[in-house]
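K.L.:
Mind looking at a prediction? Sequence and model below.
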Amino acid sequence: MTFKQMFTSSVGKKLVMGFTGIFLILFLIVHAGLNATIFANDGGLMFNKAGHFMGSNAVPRILEIGLFLGIFLHIYQGYLLTLENKSKRAVGYAVNYDKGSKWYSRSMAILGTLILLFLIAHIYHFWTPSRLGGMGGIKALGEVEHNGVILHNLYAEMDLVFTNPYIVVLYVLACGSLGYHLAHGFQSAFKTIGVHNKKYHAMLTSLGYGFAIFIPLLFASMPISFYFDWIK
Amino acid sequence: MSHTTMNLNLKVWRQKNTKTAGAFQMYRVENISDEMSFLEMMDILNEQLITTGGEPVAFDHDCREGICGMCSMYINGKPHGPWQANTTCQLHMRAFKDNDTIVIEPWRANAFPVIKDLTVDRSAFDRIIQAGGYISVNTGNAVDGNSLPIEKSKADESFAAAMCIGCGACVAACKNSSAMLFLSAKVSHLALLPQGGPERKTRVTNMVAQLDKEGFGACTNTGACEAACPKEISIANIARLNKEYIVAGLTAE
């Protein structure tokens, strides 16, 4: 079997989905962890320092390229698989079989699309001004100085963006989509990459549900906290 | 137990052959005993059609004992009807009520083209087995069975996978028309035994390649296949198949 064959067969395409999915799960941990520093209630100092590290250190900048590649592959392969799988049944059923599986496991493409739409807005809100601010017509972020180092004031940007209730609702709904996407995706990714040991499988399934609840809740708490001024 | 009879409305898929488009047709059957099997009810419908000069409904069946895997039929939105771990031939009419309307469809997947009415061509499964679902045995004296020690738990797991009767309910149930549960059962039952060891890499490589050639979809682990399987083949076999495939892909020449 060649590597090309390995990653382009029906099992191989799923391997790409599984591996990129797990990579994105790891990214979510880092992202949620860094963002949680807003709850330090220090006027965003720790958060802005974390943001500065991510933006100025070479390691996260290189990983960022991997992240964009991973997201692109996951989305591209996901749509490709959805369309291919759909095309395998030219004549559909009059009565669909929906009792044997969870609705969200059958709706990964729709949930993923909702997350993608959110992602576009999210990148526009924070990534673009932080990375490309000042270029062309893109508004630059405010800055703060700490011990002689100039930091982007991403904290103030969050505070500003989340004064808009529609954006807060959009972010919270996106967290819901992410939760359901993870509820299936987390355990499915590990099955796809071959974890069949019953002990680990049971462990990963429970861990997956926990992850699918905890991470989106943590993310959703951020716009809500800013909107209601719970953090200072 | 009291014996009851019922009258039923049947909405049956009729299709002349692979090339023509099909459509649903309504039929009424009366005095159906609740002790009949679903196929016996279909026999009565066909008797009725023959005596009135109609064309009987074509459907697959053979042993009528739930072990051969020939009967198919997608009944009221589930392969093999409403009961769990059951084949259509072992589905009894007590699963239904008087005046129920029962929708009967063939397995629907491009890889399983309709031959006529409810009969589909499942020879794709045969070709997948031919691609590697066997052990090459050199002729000579039979080896003493006890000379090959096999853990009881492994033997049981292998047997549970070998229970697959290749009926195709997994494909019919899957939103992706994926045959992964079938393939994983065939790969697993050999991969778990020492006899299957020498050919395990070529087996999984060739069988997956054949499966893709037949036009089945990819697995998204929804679990519908496992829920519809008359032999309750575990979806954990699919994860084992994936592991076999990764190992083969990384280590094969």
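P.N.:
That came through fine.
K.L.:
The chain: helices as residue ranges?
P.N.:
Unless you meant another one, I'm taking chain A. Along chain A, the stretches classed as helices by DSSP state H are A:3-8, A:10-35, A:45-56, A:58-87, A:103-106, A:108-122, A:128-132, A:154-161, A:165-192, A:198-227.
K.L.:
switch to chain B, that's the one I care about
P.N.:
Counting by DSSP H, the helices of chain B are B:38-51, B:123-130, B:152-162, B:169-173, B:180-191, B:200-214, B:224-228, B:236-251.
K.L.:
highest average neighbour count across the ones you listed?
P.N.:
helix B:169-173 (a mean of 30; mean count of other CB atoms under 10 Å in any protein chain shown). C-betas here are computed from N, CA, C, even on glycine.
K.L.:
quick one: B:Glu47 and B:Ile104, what's the gap?
P.N.:
Note on B:Glu47: its distance to B:Ile104, by CB to CB, to the nearest Å, is 17 Å.
K.L.:
ditto for A:Phe23
P.N.:
In this view, A:Phe23 and B:Ile104 are 45 Å apart by CB to CB.
K.L.:
and what of A:Arg61?
P.N.:
Using CB to CB, A:Arg61 is found at 60 Å from B:Ile104.
K.L.:
Next one: A:Thr163, what pLDDT does it get?
P.N.:
Model confidence at A:Thr163, given as pLDDT, is 90.
K.L.:
which residues touch it?
P.N.:
Contacts of A:Thr163 were listed using CB atoms under 8 Å, 6 or more residues apart in numbering or on different chains, and they are A:226-227.
K.L.:
Kindly report the same for B:Ala191.
P.N.:
B:200, B:203-204, B:240, B:244.
K.L.:
ok, now with 7 Å
P.N.:
Going by CB atoms under 7 Å, 6 or more residues apart in numbering or on different chains, B:Ala191 touches B:200, B:240, B:244.
K.L.:
before we move on, what about B:Cys225?
P.N.:
B:170, B:173-174, B:181, B:235.
K.L.:
Looking at those, which is nearest B:Met42?
P.N.:
The nearest member of those to B:Met42, counting by CB to CB, is B:Ala173 at 20.7 Å.
K.L.:
The closest one is in contact with B:Pro79, isn't it?
P.N.:
Yes: contact criterion CB atoms under 7 Å: B:Ala173 and B:Pro79 qualify, at 5.1 Å.
K.L.:
Now for the two: what residues contact both?
P.N.:
Between them, B:Ala173 and B:Pro79 share the contacting residues B:Ala228, judged by CB under 7 Å, 6+ apart.
K.L.:
Chain B contacts on chain A?
P.N.:
Contacts of chain A with chain B, taken as CB under 7 Å from any CB of the partner chain, map to A:1, A:6, A:9-11, A:13-15, A:81, A:84-85, A:88-97, A:99-101, A:105-106, A:108, A:188, A:191-196, A:198, A:201.
K.L.:
In ChimeraX, select just the buried ones from those residues.
P.N.:
A single ChimeraX command selects the buried members of those (16 or more other CB atoms under 10 Å in any protein chain shown):
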select /A:1,6,9,10,11,13,14,15,81,85,88,89,93,97,100,101,105,106,108,188,191,192,193,194,195,196,201
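K.L.:
Name the residue closest to the centre of the chain, please.
P.N.:
All of this is about chain A. Centroid-nearest residue in chain A: A:Leu28, 5.7 Å away (criterion: CA atoms, centre = their mean).
K.L.:
not quite, I wanted chain B
P.N.:
Among the residues of chain B, B:Cys167 comes closest to the average C-alpha position under CA atoms, centre = their mean, at 2.0 Å.
K.L.:
neighbour count winner among A:Phe23 and B:Ile104?
P.N.:
Neighbour tally, A:Phe23 and B:Ile104, criterion other CB atoms under 10 Å in any protein chain shown: the higher count belongs to B:Ile104, 25 against 18.
K.L.:
Hmm, the more buried one is touching B:Val12, no?
P.N.:
Yes: using CB under 7 Å, B:Ile104 is in contact with B:Val12, at 4.8 Å.
K.L.:
For the stretch 151-253 of chain B, what lies in contact range of chain A?
P.N.:
For the stretch 151-253 of chain B, the contact set with chain A under CB under 7 Å from any CB comprises B:173, B:175-177, B:205, B:208-209, B:211-212, B:215-224, B:227-228, B:236, B:238-240, B:242-243, B:245-246, B:248-249, B:252.
K.L.:
how near is A:Ile65 to chain B?
P.N.:
Distance, A:Ile65 to chain B, by CB to the nearest CB, to the nearest Å: 25 Å.
K.L.:
For the residue lying closest to B:Ala85 once chain neighbours are set aside, give its distance to A:Asn35.
P.N.:
Once flanking residues are discounted, B:Ala85 sits nearest to B:Glu232: 5.0 Å by CB to CB, 6 or more residues apart in numbering or on different chains. Going from B:Glu232 to A:Asn35 by CB to CB gives 44 Å.
K.L.:
One more: A:Pro129?
P.N.:
Distance of A:Pro129 to A:Asn35, computed by CB to CB: 16 Å.
K.L.:
repeat for B:Leu39
P.N.:
Distance from B:Leu39 to A:Asn35, by CB to CB: 60 Å.
K.L.:
Equivalent analysis for B:Gln25, please.
P.N.:
Where A:Asn35 is concerned, B:Gln25 sits at a distance of 60 Å (CB to CB).
K.L.:
between these two, which one's more packed in?
P.N.:
Neighbours per residue (other CB under 10 Å) separate B:Gln25 from A:Asn35, with A:Asn35 holding more: 18 against 13.
K.L.:
my read: the more buried one touches A:Met222, true?
P.N.:
Yes: contact criterion CB under 7 Å: A:Asn35 and A:Met222 qualify, at 6.0 Å.
K.L.:
Low-confidence stretches in chain A?
P.N.:
Scanning chain A for pLDDT under 70 picks out A:134, A:136.
K.L.:
A:Leu218: neighbour count?
P.N.:
A count of nearby residues for A:Leu218, using other CB under 10 Å, gives 17.
K.L.:
Also A:Ser221?
P.N.:
Around A:Ser221 there are 18 other residues, counting by other CB under 10 Å.
K.L.:
Same check on the one 4 residues further on?
P.N.:
A:Ser225: 15 surrounding residues under other CB under 10 Å.
K.L.:
Ignoring the adjacent residues along the chain, who's closest to it?
P.N.:
Nearest non-adjacent residue to A:Ser225 (CB to CB, 6+ apart): A:Ile231, at 5.1 Å.
K.L.:
Angles on the backbone of that neighbour, please.
P.N.:
When read as degrees, to the nearest 10, the backbone of A:Ile231 gives phi -110, psi 150.
K.L.:
can you pull the contacts of the residue nearest to the centre of chain B?
P.N.:
B:69, B:72, B:87, B:230.
K.L.:
Would you format the residues you listed as JSON lines with pLDDT included?
P.N.:
Converted to JSON lines, those look like this (pLDDT from 0 to 100):
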{"residue": "B:Gly69", "pLDDT": "92"}
{"residue": "B:Ser72", "pLDDT": "92"}
{"residue": "B:Thr87", "pLDDT": "95"}
{"residue": "B:Pro230", "pLDDT": "96"}
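K.L.:
Show me the two of the residues you listed that sit farthest apart.
P.N.:
Spatial extent of the contacts of B:Cys167 (CB to CB) is set by the pair B:Ser72 and B:Pro230 at 10.7 Å.
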